[in-house]
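Novice: My questions are about this predicted structure, shown below with the sequence.
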Amino acid sequence: MSRVFLDTINKEDMPSLYKWFSNVEFLSTYDYVLPIPRSKEKVDKMISNYNEENNSIVFAIRTTEGNIIGIAGYYDIIKDNMVATLFIGIGDENYLGKGYGKEAILELLNYGFNTLNLYRIQLNVISFNAPGIALYEKVGFRKEGAMKDFVLRNGQRHDLYMYAKLKK
């Protein structure tokens, strides 16, 4: 029985999102762009863009008690190819390293393969994100390649790994 579910993001969730997207530590592994804190306006625009574009979908990750603990979804959904790129971030530090991310990914994979009818779900992960890589491999993602020295953080270069999971 999963302790999390995927749900719509509502206005009551926004203070949590503002907090997470102003946290450089969260941003350092959430995305491969420079982890610069985002203003409330930029976070609002990001969520609005996810909701308005027909090639993306965004969810709140909630505990069964209804608390938002993260954000997840798909972007670059290419329906003709049955492909999408997964993203996930557990923003509430109290839920890190306790299996909630794994449960959220399993929910997201179920949604992607069975509701969106995807054949291929892919993701990008920075090479220094060892916990993320371990999680993705544990749920069946396979490394397909690397973009060498793609990410610059604190004067150091890091590879960006490409992972995918196919519907079988």
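Specialist: Now that the structure is in, tell me what you want to look at.

Novice: quick one, longest helix in this protein?
Specialist: helix 40-52 (DSSP state H).

Novice: could I have that one exported to PDB, CA atoms only?
Specialist: Taking C-alpha atoms only, helix 40-52 is exported to PDB below (Å, rounded to 0.1, in the frame of the first residue of the first chain):
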ATOM      1  CA  LYS A  40       7.200  33.500  -6.300                       C
ATOM      2  CA  GLU A  41       6.300  34.900  -9.700                       C
ATOM      3  CA  LYS A  42       8.600  32.500 -11.500                       C
ATOM      4  CA  VAL A  43       7.300  29.600  -9.500                       C
ATOM      5  CA  ASP A  44       3.700  30.600 -10.300                       C
ATOM      6  CA  LYS A  45       4.600  31.000 -14.000                       C
ATOM      7  CA  MET A  46       6.400  27.500 -14.000                       C
ATOM      8  CA  ILE A  47       3.300  25.800 -12.600                       C
ATOM      9  CA  SER A  48       1.000  27.700 -14.900                       C
ATOM     10  CA  ASN A  49       3.100  26.700 -17.900                       C
ATOM     11  CA  TYR A  50       3.000  23.000 -16.900                       C
ATOM     12  CA  ASN A  51      -0.800  23.300 -16.600                       C
ATOM     13  CA  GLU A  52      -1.400  25.200 -19.800                       C
END
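
Novice: next one: it to chain centre, how far?
Specialist: Relative to its chain's centre, helix 40-52 lies at 15 Å (C-alpha atoms, centre = their mean, to the nearest Å).

Novice: repeat for stretch 99-116
Specialist: That offset, for stretch 99-116, works out to 11 Å (C-alpha atoms, centre = their mean).

Novice: and that stretch, which residues are buried?
Specialist: For stretch 99-116, a neighbour-count test (16 or more other C-beta atoms under 10 Å) marks Y100, G101, K102, E103, A104, I105, E107, L108, L109, Y111, G112, F113 as buried. From N, CA and C alone the C-beta is placed, and that goes for glycine too.

Novice: next structured bit after the helix or strand hosting the fourth one?
Specialist: Think E103. According to DSSP states H and E, E103 maps onto helix 100-110. On the C-terminal side of helix 100-110, the nearest following helix or strand under DSSP H and E is strand 120-126.

Novice: Contacts for that next one next, please.
Specialist: Identification of contacts with strand 120-126 by C-beta atoms under 8 Å, 6 or more residues apart in numbering yields 29, 32, 74, 81-87, 109, 112-113, 132-133, 136, 141, 144, 151, 153, 158-167.

Novice: Following it in sequence, what is the next regular element?
Specialist: Elements were assigned by DSSP H and E; along the chain past strand 120-126, the next helix or strand is helix 130-138.
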